[in-house]
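A.B. asks: Quick check, what structure comes out for this input:
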Amino acid sequence: HDALPIFGSINKCVIGFVREKETEKMDGQYRKKKREGIADTSHIQAFSLEASTRGDVPCVLAVAPIVALFSADCVVDEDCNLNGVCDQGSCICDLPWLGDDCSLLDVVPSPVAPAFPPPSIFNSTTSWGGSVALGDDEKYHMFAAEMANSCGLNSWGTNSIVVHAVSDTPMGPFQRQEIVVDAFAHNPTVSRAPDGTWVLYHIGCGTPNKYPKCEKCSDGRTNSCPRAHEQVGCTNTTTHLMFASSLNGPWTALNASITNPTFNFNIDNPSPVFFSNGTVLLLGRGTSSSNVRTITAPSWRGPYTLGPVLNLHFSVEDPFLYRDTRGHFHSLFHAYSAWSGYHAFSRDGLNWTNAALPAFNTTINMTDGSFVKYGRRERPHLLFDKNGTATFLYTAITIGPGDKTATHVQPLGAVGSGSALAPKALV
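C.D. replies: Below you'll find the model as predicted:
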């Protein structure tokens, strides 16, 4: 009866108010199913019809809010994929997200040339993704996966190394400096812990490598070398990482322990978020090559504890985990189904929901007016400005010929074409 003023003094309209709430609940369930890619609208249409035909004439006032509910883009912030807020039925998207449900990254045209390798070594070097951070020296530091001995991507299981490259701008080109982790090391992600330490997570153990490097390569392409399966860590009870006080090094290796290891994919494709008290949450590949799990530790030194596999409705890998300014958790992934970038979100970092559609695809528009649809686009990483807004997207792309690949950078709408090269504002 507290709700009666909404409908006036007609008691019969209490029934209409209850039906509105029931309909709102069902609509919320529908939107949740829509996010999970299994939505069916038939139950909403049937219930709406039933709600509008039951009861007598005085309750017609209660029907109008029900009809208005279904024309809204959102009911809760989750309907906006936590990339914005739901305000009076419409999603107000945060930069750089677009769309009625804030599910699309606002990617803008990018240079034709990749961010890495730079022109000086482009013809002889293959790269497969990189993580970028702004250093205390006001330069941009990329840690990229590179295939040693001028090999291509097919040699990644034996030849992948992590190299350090530097640029004055986030767009690059990034100039190669040194090898940080020798083979085997792959898919690096660098992040700064609350104690000021730079921590470099990666797949592999570094030297010594379980398999010998391939030597029969040229021009960034693999010729007749056998393919080998990745070595996820030094042992099946540890994860290997590097740490330093500066992005310029020197880097020290740490073989951190895992409290509850499994037989495979212990901490593969690791991506961290640090909390102010020093604890860390990771996302990494789970029990197979097509799912992702949570991993926690009291500090970056470990020990690390494997958590549950995320209940996502797509086959994904390559998580890039981050936290927005509201404290919500997000991750970009490479999705196997379309070789595209998918997004998932969580309020607590443990319970996740995936968006229904890709955040970006394999087509990249170039600043010269051309566009390229790449065969594969994987290993997403974001760079954020000082306000916590994502401003650049780094991905691995297949460019050919053969298995030659590169690391690409694409500005996001948060910077736009007019301010994309304002590097010192970015962190």
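
A.B. asks: low pLDDT regions in this structure?
C.D. replies: Low-confidence segments of the chain (pLDDT under 70): 1-72, 414-427.

A.B. asks: Now with 50, please.
C.D. replies: 1-71, 416-427 (pLDDT under 50).

A.B. asks: ok, which stretches of it are helices?
C.D. replies: Using DSSP state H, the helices of the chain run over residues 4-7, 13-35, 42-53, 60-71, 156-159, 416-419.

A.B. asks: Give me the distance between the residue most central in space within the chain and Thr126.
C.D. replies: What sits nearest the mean C-alpha location of the chain, by Cα atoms, centre = their mean, is Leu332, with 1.7 Å. Separation of Leu332 from Thr126 (Cβ to Cβ, to the nearest Å): 23 Å. Glycine gets a C-beta too; all of them are placed from N, C-alpha and C.

A.B. asks: and if you look at Asn149?
C.D. replies: From Asn149 to Thr126 the distance is 10 Å (Cβ to Cβ).

A.B. asks: and if you look at Trp198?
C.D. replies: 26 Å.

A.B. asks: Please say which of those two ends up with more neighbours.
C.D. replies: Taking other Cβ atoms under 10 Å, Trp198 and Thr126 do not tie; Thr126 has more neighbours (33 against 23).

A.B. asks: Could you pull up the residues touching the more buried one?
C.D. replies: Each residue near Thr126 by Cβ atoms under 8 Å, 6 or more residues apart in numbering is listed here: 117, 146-147, 150-153, 220-221, 403-406.

A.B. asks: can you check Ile399 too?
C.D. replies: 114, 374, 405-406.

A.B. asks: Let's see that with 6 Å instead.
C.D. replies: Residues in contact with Ile399 (Cβ atoms under 6 Å, 6 or more residues apart in numbering) are Ala406.

A.B. asks: List phi and psi for it.
C.D. replies: Torsion angles at Ile399 (phi, psi; degrees, to the nearest 10) stand at phi -120, psi -20.

A.B. asks: now it: how far from Ser127?
C.D. replies: In terms of Cβ to Cβ, Ile399 sits 10 Å off from Ser127.

A.B. asks: shared neighbours, those two?
C.D. replies: By Cβ under 6 Å, 6+ apart, the residues touching both Ile399 and Ser127 are Ala406.

A.B. asks: what about the closest residue to Ala338 other than its chain neighbours, neighbour count?
C.D. replies: Among residues not flanking Ala338 along the chain, Pro358 sits closest, at 6.4 Å (Cβ to Cβ, 6 or more residues apart in numbering). Other residues near Pro358 come to 20 when the count uses other Cβ under 10 Å.

A.B. asks: next one: the one 4 residues further on
C.D. replies: For Thr362, the count of nearby residues is 19 (other Cβ under 10 Å).

A.B. asks: which residues touch it?
C.D. replies: Per Cβ under 6 Å, 6+ apart, neighbours of Thr362: 339, 373-374, 377.

A.B. asks: Among those, the buried ones, what's the ChimeraX command?
C.D. replies: In ChimeraX, this line selects whichever of the contacts of Thr362 come out buried by 16 or more other Cβ atoms under 10 Å:
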select :339,374,377
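
A.B. asks: Sitting in strands, which of the contacts of Thr362 do you find?
C.D. replies: In strands, judged by DSSP state E, the following of those are found: 373, 377.

A.B. asks: wait, which of the contacts of Thr362 is closest to His240?
C.D. replies: Arg377 (27.0 Å; Cβ to Cβ).

A.B. asks: Quick one: residues contacting that closest one.
C.D. replies: Per Cβ under 6 Å, 6+ apart, neighbours of Arg377: 362, 395, 397.

A.B. asks: Give me the nearest residue to the residue nearest to the centre of the chain, chain neighbours excluded.
C.D. replies: Pro380 (4.2 Å).

A.B. asks: Same question for Asp318.
C.D. replies: His334 (4.1 Å).

A.B. asks: Is the one you found in contact with Glu317, as I believe?
C.D. replies: Yes - using Cβ atoms under 6 Å, His334 is in contact with Glu317, at 5.5 Å.

A.B. asks: Let me see the residues that make contact with stretch 261-280.
C.D. replies: 187, 189, 191, 193-194, 201, 203, 232, 236-237, 239, 258, 281-285, 295, 297-300, 317-321, 323.

A.B. asks: Beta-bridge partners for the residue nearest to Gln177 when sequence neighbours are not counted, please?
C.D. replies: Leaving aside its chain neighbours, Gln177 sits nearest to His164 (4.5 Å; criterion: Cβ to Cβ, 6+ apart). Beta-bridge pairing for His164 (DSSP bridges): Phe143, Glu178.

A.B. asks: what about His164, how many neighbours?
C.D. replies: By other Cβ under 10 Å, neighbour count at His164 equals 24.

A.B. asks: From Thr279, how far off is Leu306?
C.D. replies: Applying Cβ to Cβ to Leu306 and Thr279 gives a distance of 15 Å.

A.B. asks: go on, Gly249?
C.D. replies: 26 Å.

A.B. asks: Please tell me I have it right and the residue nearest to the centre of the chain contacts Phe320.
C.D. replies: Yes - counting by Cβ under 6 Å, Leu332 touches Phe320, with 4.6 Å between them.

A.B. asks: Please enumerate the shared neighbours of those two.
C.D. replies: By Cβ under 6 Å, 6+ apart, the residues touching both Leu332 and Phe320 are Pro380.

A.B. asks: re earlier: okay, Leu306 and Thr279: which has more neighbours?
C.D. replies: Neighbours per residue (other Cβ under 10 Å) separate Leu306 from Thr279, with Leu306 holding more: 21 against 14.

A.B. asks: Next, work out how far apart that one and Ile92 are.
C.D. replies: Where Ile92 is concerned, Leu306 sits at a distance of 37 Å (Cβ to Cβ).

A.B. asks: repeat for Glu78
C.D. replies: Counting by Cβ to Cβ, the gap from Glu78 to Ile92 is 14 Å.

A.B. asks: what do you get for Gly84?
C.D. replies: Gly84 is 5 Å from Ile92, by Cβ to Cβ.

A.B. asks: try Leu310
C.D. replies: 27 Å.

A.B. asks: neighbour-wise, which of these two wins?
C.D. replies: Leu310 (22 against 13).

A.B. asks: dump the residue contacts of the more buried one.
C.D. replies: 292, 352.

A.B. asks: How about residues contacting stretch 338-350?
C.D. replies: By Cβ under 6 Å, 6+ apart, stretch 338-350 touches 81-82, 281, 314, 316, 328-333, 335, 352-355, 358-362, 376, 380.
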